[in-house]
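[1] Return atomic coordinates for the entry below.
(one chain, ligands or ions: 1)
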Amino acid sequence: MTLSDKPHFFTRHVIVLRFFYLFMREWLNEKEKEMKVVAFNGSARKDGNTAILVNAVFKELKKQHIKTELVQLAGKKIRGCTACRKCFENQDKRCAVKGDIVNDCIEKMLEADGIILASPTYFADISPELKALIDRSGFVAKANQDMFKRKVGAAVIAVRRAGAIHAFDTINHFFFISQMVVPGSSYWNVGLGLAPGDVNSDDEGIITMKTLGANMAWLMKKIQE
Ligand SMILES: Cc1cc2nc3c(=O)[nH]c(=O)nc-3n(C[C@H](O)[C@H](O)[C@H](O)COP(=O)(O)O)c2cc1C
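    Down below sits the predicted model:
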């Protein structure tokens, strides 16, 4: 290499390094963008209090560039587990009962890094629609080596007065037996309200959801690292 070649040599290296840096930056951004949380609202009432609480969690997730999708079960066809155990025979990550939305929901759960299961309190427990989703997706997950393992899970509950903790526990039982990871918040993830929109007046409930969203994002990023 002659002295006159030297500048070209350095320029070439600077250009290569610059391309490498830009590629890595894009790649890291892409990785971050890829993260997604899917939420299932088990309420019979679309866009009611449960949906409002989920959207408060979503707001924080979005701030952290995490994609979100809300699936509202209201009005959708969904039935309970038939205990046919075909999921254990087939081991195809699908429920053998066809003709309702469960397999679509399972697919969304598999694709997501985080899963929110949200429900109003009905007689001190979750709605039958959400319980159907838990029973069927939970059994399919068990039949397929705990296929939701180490995804982040969070329960969200709307309640008028009492029974929310029992409903909250029902959902957490699903997460824990599925080997999922559950972030906490500043209180149990509960918002108070009766008529649609009432939860907006429950300041502590909304703060709890925001904190949950921030903690969920933090945990998902840690797991991704
Ligand atoms: C069938 C049914 C049962 C309910 N049971 C309870 C209950 O046990 N405890 C309670 O505090 N509220 C109960 N509620 C009130 C709802 O939990 C409350 O209105 C909640 O905010 C509804 O959320 P949503 O707007 O997302 O449907 C019940 C409502 C219905 C329709």
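[2] Now the residue most central in space within the chain: which helix or strand?
    Geometric centre of the chain, nearest residue: Ile115, 2.1 Å, by Cα atoms, centre = their mean. According to DSSP states H and E, Ile115 maps onto strand 114-120.
[3] which is the next helix or strand following that strand?
    Counting by DSSP H and E, the next helix or strand C-terminal to strand 114-120 is helix 128-143.
[4] residue contacts, the residue in the chain positioned nearest to the ligand?
    Distance from the ligand to each residue of the chain (Cβ to the nearest ligand atom) is smallest for Gly48, at 2.4 Å. Every C-beta, even on glycine, is put in place using the N, C-alpha and C of the backbone. The contact partners of Gly48, by Cβ atoms under 8 Å, 6 or more residues apart in numbering, come to 120, 158, 196.
[5] Please produce a markdown table containing those residues, extended by distance to Phe88.
    Output for the contacts of Gly48, formatted as a markdown table (distance: Cβ to Cβ, whole Å):
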| residue | distance to Phe88 |
| --- | --- |
| Pro120 | 32 |
| Ala158 | 34 |
| Pro196 | 40 |
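[6] among these, which are within reach of the ligand?
    120, 158, 196 (Cβ under 6 Å from any ligand atom).
[7] Neighbour-wise, which one of these leads?
    Ala158 (30 neighbours; other Cβ atoms under 10 Å).
[8] which non-adjacent residue is nearest it?
    Among residues not flanking Ala158 along the chain, Asn49 sits closest, at 3.8 Å (Cβ to Cβ, 6 or more residues apart in numbering).
[9] What number of residues are in the vicinity of that neighbour?
    What Asn49 shows, counting by other Cβ under 10 Å, is a neighbour count of 28.
[10] All further residue positions should be reported with the first residue as 173.
    Sure, I'll start numbering at 173, so the last one becomes Asn221.
[11] Tell me who's in contact with the spatially closest residue to Asp285 that is not a sequence neighbour.
    Among residues not flanking Asp285 along the chain, Met207 sits closest, at 4.8 Å (Cβ to Cβ, 6+ apart). Contacts for Met207 (Cβ under 8 Å, 6+ apart) come out as 237-239, 285-286, 392-393, 396.
[12] Format these as CSV; extra columns: pLDDT and secondary structure.
    Converted to CSV, these look like this (pLDDT from 0 to 100; DSSP: H, G, I helix; E, B strand; the rest coil):
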residue, pLDDT, secondary structure
His237, 96, coil
Ile238, 97, coil
Lys239, 97, strand
Asp285, 98, coil
Gly286, 98, strand
Met392, 98, helix
Lys393, 97, helix
Gln396, 94, helix
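[13] No further queries at this time; thank you.
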